[in-house]
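Asks: Give me the fold of what follows.
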Amino acid sequence: LRLGIWRSRLARHRARPTTSFLGSPPYVGFRSLSQAKREGLQDAPECEQPARVAGGWVDTLPRRMGLYVKLARMDRPIGSWLLMLPCWWGTALATAPGALPSAKFLGLFLFGSVVMRGAGCTINDLWDRDLDSQVERTKTRPLVVEDGVTVPQALGFLFAQLSGGLGVLYCLNDYTKILSFASMPLVVVYPLMKRVTYLPQLWLGMVFNWGVLVGWGAQYGSLDMAVVGSLYASGILWTLFYDTIYAHSDKRDDVKAGVKSTALLFGENSKIILGAIGGSMVGTLALTGFQASLAWPYYAVSVAGAGAHVSWQLATVDLDKPKSCMSKFVSNQWLGLLIFSGLVLGRYFAEEPSAEDVVVSTNELDGEGSQTPPRQAGRKAAVS
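Replies: Take a look at the predicted model:
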């Protein structure tokens with residue numbers, strides 16, 4: 001009698017519509033005995049195997065295409081955000097007082113960040129394919145799974161991505177081309193850092209925030225490190241902060257695989273050390289505003305906003321829960337946008353320098369003269 005009741009209920013369940021109101025297919029049958037009990041079928045003797053549940057828009061693509069999309073992490077855009085935002089910071093900081101950042105450069109850095117972040121992930125997976133199989137979060141990556149992407153195929157894909165990056169460089173001045181190529185050794189060596197040092201997050205900070213220098217150099221064909229250097233340092237501290245939180249989500253698997261990270265280095269003192277790192281980041285942001293003579297909105301939005309966001313992350317993150325670590329890590333795209341917004345407002349409302357505070361360079365960039373940005377009020381700016 002019980003078996004008959006169960007079969008009738010299961011038949012009624014199968015007769016339900018096969019699509020949800022969003023158009024995505026729900027599960028077919030029951031995933032497990034525990035779920036069957038939740039549906040009121042406590043006496044179900046067994047349950048059918050479920051149909052594969054869609055994992056997002058990537059699973060709607062042909063399988064081979066989806067593998068390459070996952071290899072480039074296009075299904076997880078947070079990395080592209082964190083690579084692009086420092087480029088936008090440098091662009092905003094280099095903007096003349098009373099003006100808005102160049103849409104051309106913002107667009108180029110948007111495209112370049114997507115392709116170069118994908119290239120970096122491909123390089124990382126080529127180096128780490130032996131370790132990825134030992135970590136729960138990475139064991140399904142395209143270079144690890146059976147019948148996935150082969151090493152020669154990944155190298156060909158990497159070549160295509162780097163070609164896209166070269167297309168962006170072609171649109172920039174010669175100084176920026178050289179400056180961008182100078183970062184490649186840092187990019188290539190980064191995946192090895194987790195094997196030799198407990199500070200791979202510091203190295204990642206130097207890589208991901210190189211865009212601050214590129215964004216500035218793209219407009220002036222030179223670097224004024226007295227101004228842009230403090231913003232670059234702030235970006236490195238920012239990456240060290242958010243990637244340490246991210247590393248806590250993998251710390252158990254990292255110990256098993258022999259991988260090093262700041263999460264393991266800081267251990268139980270992580271929140272205290274992260275507080276010091278976050279405070280130093282906010283301090284260098286304030287120094288940037290002073291060096292660049294930014295207007296008060298920068299301090300209200302970027303400096304105070306960054307301080308509040310960092311404090312919120314530290315107060316609410318549970319470093320022993322991977323989901324909590326991941327949610328705080330992803331939230332840093334909003335922190336980066338907050339800093340960018342403050343830089344834009346700080347430049348737009350800044351006072352224009354007087355004629356004697358500006359020195360016009362006689363050098364030419366792409367056939368046009370370039371004007372060196374003013375530094376702190378009272379100084380004269382000059383191209384070094």
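
Asks: shaky segments in this structure?
Replies: Along the chain, segments meeting pLDDT under 70 span 1-55, 353-384.

Asks: ok, longest helix in it?
Replies: helix 103-132 (DSSP state H).

Asks: mind listing what G148 touches?
Replies: Residues near G148 by CB atoms under 8 Å, 6 or more residues apart in numbering: L67, R141, P142. (Glycine included, C-beta is placed from N, CA and C.)

Asks: now with 7 Å?
Replies: Residues in contact with G148 (CB atoms under 7 Å, 6 or more residues apart in numbering) are L67, P142.

Asks: Packing partners of the longest helix of the chain?
Replies: In terms of contacts (3 or more CB pairs under 7 Å, 6 or more residues apart in numbering; DSSP states H and E), helix 103-132 is packed against helix 63-71, helix 78-93, helix 151-170, helix 184-196, helix 210-220.

Asks: buried set for that helix?
Replies: Buried positions in helix 103-132, judged by neighbour count with 16 or more other CB atoms under 10 Å: 105-106, 108-109, 112-125, 127-129, 131-132.

Asks: Now V149: phi and psi?
Replies: phi -90, psi 130 (degrees, to the nearest 10).

Asks: Next, find the distance separating the closest residue to it other than its chain neighbours from L231.
Replies: Leaving out its chain neighbours, the residue that sits closest to V149 by CB to CB, 6 or more residues apart in numbering is P142, at 4.3 Å. With distances defined as CB to CB, to the nearest Å, the gap from P142 to L231 amounts to 35 Å.

Asks: do K260 as well
Replies: Using CB to CB, K260 is found at 28 Å from L231.

Asks: and what of L158?
Replies: Taking CB to CB, one finds L158 at 30 Å from L231.

Asks: what's the answer for W203, then?
Replies: The gap separating W203 from L231 is 19 Å, by CB to CB.

Asks: The two: which has the busier surroundings?
Replies: L231 (27 against 20; other CB atoms under 10 Å).

Asks: Which parts of this structure are strands?
Replies: 360-365, 368-371 (DSSP state E).

Asks: if we can go back for a sec, for L345, which of the helices and strands packed on helix 103-132 is the nearest?
Replies: In terms of CB to CB, the element of the helices and strands packed on helix 103-132 nearest to L345 is helix 78-93, at 9.2 Å.

Asks: Check what contacts the closest one and list those residues.
Replies: 73, 101-102, 105-106, 109-110, 113-114, 116-117, 208-209, 211-216, 228, 231, 235, 292, 330, 332-333, 336-337, 339-340, 343-344, 347.

Asks: give me the number of residues near K260?
Replies: Counted with other CB under 10 Å, K260 comes out at 18.

Asks: Next up, phi/psi of it, please.
Replies: phi -100, psi 150.

Asks: Is it in contact with M193, as I believe?
Replies: No: look at K260 against M193 with CB atoms under 7 Å: they stay out of range, at 8.2 Å.

Asks: shared neighbours of these two, which are they?
Replies: P200.

Asks: Quick check: L319 touching S270?
Replies: Yes: judged on CB under 7 Å, L319 makes contact with S270 at a distance of 5.7 Å.

Asks: Are there residues contacting both of these two? Which ones?
Replies: H248.

Asks: Tell me how far R137 lies from V317.
Replies: From R137 across to V317, the span is 18 Å (CB to CB).

Asks: out of those two, which sits in the more crowded spot?
Replies: V317 (20 against 12).

Asks: Count the neighbours of the nearest residue to G211 once chain neighbours are set aside for me.
Replies: Among residues not flanking G211 along the chain, C87 sits closest, at 3.4 Å (CB to CB, 6+ apart). Neighbourhood size, C87 [other CB under 10 Å]: 26.
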